[in-house]
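Peer 1: Predicted structure and sequence below. I'll ask about it afterward.
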Amino acid sequence: MTVLLRVIACALALLTPVSVSAQNKPNIVFIFLDNFGWGEPGFNGGGIIRGTPTPAMDALAAEGLRLTNFNVESQCTPSRAATMSGRYGVRSGNHTIPLEGGVYGLVQWEITMAEMLKDAGYNTAMLGKWHLGWSEGRYPTNQGFDEFYGVETTDVTVWRSLTGFAEADMEGPAVMQGKAGEEATLVRDYDLEYRGLIDGDLTEKAVDFIGRASQEDVPFFLYLAYTATHYPNIPHPDFDGATGNGAWADILHQTDSYIGQVDAALKDTGVDDNTIVIFTADNGPEAFPVGGSNVSPVPPVQGTAGPWRGTLFTSLEGSLRVPFAARWPGMIPAGSASNEIVHSMDLFPTLAAFAGGKVPDDRAFDGIDQSEFFLGNQEHSNRDGVIVYMGDQIFGVKWQDWKVLFKENATIFSPTESFDTPRVYNLLNDPGERDNVLFP
């Protein structure tokens, strides 16, 4: 209980944003991958051992800060809600992915990272997967973005290929776009035909936005939420077979190439020196068992979390730790790295500090300002731990190098075990969370 209370107290702490003059406000490009394991990029030991080098991802880490203990939530919607709002997903009612359709997502009372930056004078754009509401009032343009092009989520692209879908008269997944103050409009069906193409289009639109926004007298915020690393994993035709090492290596090469194109656009427009680029993911790797899925014509691809056990939808480190790199030339020390605990919720107040934005003070707020830590002005993170949620249940707590689990599930398909006496793991000595130190 002492550990839990200390983590809760730490998580609820608020720090005051530092003052930033208007002319010095950095642009922000936030690249958010979908179900991308800790062990995938070269800078975490992946890359070539996964079938292809990842030079663009590796350059971001080499030129900035690499965090090896960056944490997210165990499911897509809670993770994205926490990242956008700076609050655990359970606080906004987004503690699990929507399984039955209907209205869900962030309500207008929530304040998003985009709204904070918009109030601080930024032009804002969202491209890619949203998964925080897909109806009028809950699109990205209702939550602080000037414009958006994207999708709700991506596993739904297999629906039209399933027996009985056409006869069920269900509304199919769609690509939407919109501008603030206008109703969102339908672009096209989001089906398996477009599944492999969308990230290429997102990259083109990202390059276009950077070109347009860099000509303005105000800073910009681009939230680029790529989709390809989420099931179903279908490479773009330009990359299909490019590595000779299978679909996943092709997608890894493709994603890295797209990131390189975005980075080149920052350099070509001359804004890279005053642009923060954040690279991370919403969840750990995919969890479909090798050998196929009984619901899709697309073979599943199982990712890797490196030394950590577990996949998305679990309480284990493979679900909660994801790759992270942040670059801001001349501000974030190049080549820096840390194993200190940081959570995606911390990005809201940290970016608020960098941008001169305001953190909400009228509600419980879980994000912690890590700006001085990112800038290398202090050795330690301002966070000692995080609460491990699964839906609206607390499965455990991380505190420093320790993990306490009251409940545990090893895969999305395995039953949840509950313990009368919690299991306790030392994450330095036991990254696989297999040796309970209370009962060795």
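Peer 2: Done, it's in. Numbering: from 1, shown residues only.

Peer 1: use CA for all of it now, contacts and neighbours both
Peer 2: Noted.

Peer 1: count of neighbours near Phe415?
Peer 2: Quick fix: residue 415 is Pro, not Phe. Neighbour count for Pro415, taken as other CA atoms under 10 Å: 10.

Peer 1: wait, isn't it in contact with Asn409?
Peer 2: Yes: contact criterion CA atoms under 8 Å: Pro415 and Asn409 qualify, at 6.2 Å.

Peer 1: Just the C-alphas of the lengthiest helix in the chain, formatted as CSV.
Peer 2: Criterion DSSP state H: the longest helix present in the chain is helix 247-268. Taking C-alpha atoms only, helix 247-268 is exported to CSV below (Å, rounded to 0.1, in the frame of the first residue of the first chain):
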residue,chain,number,x,y,z
ALA,A,247,5.8,-8.4,-44.8
TRP,A,248,6.9,-7.1,-41.3
ALA,A,249,10.4,-6.2,-42.4
ASP,A,250,8.9,-4.4,-45.4
ILE,A,251,6.6,-2.5,-43.2
LEU,A,252,9.4,-1.6,-40.8
HIS,A,253,11.5,-0.4,-43.8
GLN,A,254,8.4,1.5,-45.1
THR,A,255,7.7,3.3,-41.8
ASP,A,256,11.3,4.3,-41.4
SER,A,257,11.4,5.6,-44.9
TYR,A,258,8.3,7.7,-44.3
ILE,A,259,9.8,9.1,-41.1
GLY,A,260,12.8,10.0,-43.2
GLN,A,261,10.7,11.9,-45.7
VAL,A,262,9.0,13.9,-42.9
ASP,A,263,12.4,14.7,-41.4
ALA,A,264,13.6,15.8,-44.9
ALA,A,265,10.7,18.1,-45.2
LEU,A,266,11.6,19.8,-41.9
LYS,A,267,15.1,20.3,-43.2
ASP,A,268,14.0,21.4,-46.7
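
Peer 1: what sits against Gly306?
Peer 2: Gly37, Trp38, Gly39, Glu40, Asn44, Gly45, Gly46, Gly318 (CA atoms under 8 Å, 6 or more residues apart in numbering).

Peer 1: Next, it: phi, psi?
Peer 2: When read as degrees, to the nearest 10, the backbone of Gly306 gives phi 70, psi -130.

Peer 1: circling back: what comes up buried for the longest helix of the chain?
Peer 2: With burial defined by 16 or more other CA atoms under 10 Å, the residues of helix 247-268 counted as buried are 247-263, 265-266.

Peer 1: and Ala265, what does it touch?
Peer 2: Contacts of Ala265 (CA under 8 Å, 6+ apart): Val207, Ile210, Gly211.

Peer 1: go with 6 Å
Peer 2: Shown in contact with Ala265 (CA atoms under 6 Å, 6 or more residues apart in numbering): Val207.

Peer 1: per-residue confidence for it?
Peer 2: Model confidence at Ala265, given as pLDDT, is 98.

Peer 1: same question, Leu252
Peer 2: Confidence score, pLDDT, at Leu252: 97.

Peer 1: How far does the longest helix of the chain sit from its chain's centre?
Peer 2: 17 Å (CA atoms, centre = their mean, to the nearest Å).

Peer 1: Can you name the element that comes right after that helix?
Peer 2: Note on helix 247-268: by DSSP states H and E, the next helix or strand toward the C-terminus is strand 275-281.

Peer 1: Mind listing the strands that following strand pairs with, and their directions?
Peer 2: In the sheet, strand 275-281 lines up against strand 27-33 (parallel), strand 325-327 (antiparallel) (DSSP bridges).

Peer 1: neighbouring contacts of that strand?
Peer 2: Residues contacting strand 275-281 (CA under 6 Å, 6+ apart): 26-34, 36, 323-328.

Peer 1: Now the two most distant members of those residues.
Peer 2: Farthest-apart pair in the contacts of strand 275-281 is Pro26 and Phe36; separation 26.9 Å (CA to CA).

Peer 1: neighbour count winner among those two?
Peer 2: Ranked by neighbour count (other CA under 10 Å), Pro26 and Phe36 place Phe36 first, with 30 against 25.

Peer 1: any low-confidence regions in this structure?
Peer 2: 1-23, 100-101, 163-170, 288-300, 440 (pLDDT under 70).

Peer 1: What segments of it are helices?
Peer 2: 2-11, 55-62, 76-85, 113-119, 165-168, 192-195, 198-213, 247-268, 317-320, 347-355, 371-374.

Peer 1: neighbouring contacts of the last one?
Peer 2: Contacts of helix 371-374 from elsewhere in the structure, counted by CA under 6 Å, 6+ apart, are Thr350, Ser381.

Peer 1: if we go to 8 Å?
Peer 2: Leu65, Ile332, Thr350, Leu351, Ala353, Phe354, Gln378, Glu379, His380, Ser381, Asn382.

Peer 1: Report the buried members of these.
Peer 2: Looks like these have Leu65, Ile332, Thr350, Leu351, Ala353, Phe354, His380, Ser381, Asn382 buried, using 16+ other CA under 10 Å.

Peer 1: Any chance of a markdown table for these, columns distance to Val437?
Peer 2: Below are the buried ones among the contacts of helix 371-374 laid out as a markdown table (distance: CA to CA, whole Å):
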| residue | distance to Val437 |
| --- | --- |
| Leu65 | 32 |
| Ile332 | 37 |
| Thr350 | 35 |
| Leu351 | 38 |
| Ala353 | 40 |
| Phe354 | 41 |
| His380 | 26 |
| Ser381 | 26 |
| Asn382 | 27 |
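
Peer 1: so which of those residues comes closest to Asp201?
Peer 2: Leu351 (27.1 Å).

Peer 1: Would you mind measuring from the closest one to Gln370?
Peer 2: Distance from Leu351 to Gln370, counting by CA to CA, to the nearest Å: 9 Å.

Peer 1: ok, now Phe419?
Peer 2: Distance from Phe419 to Gln370, by CA to CA: 34 Å.
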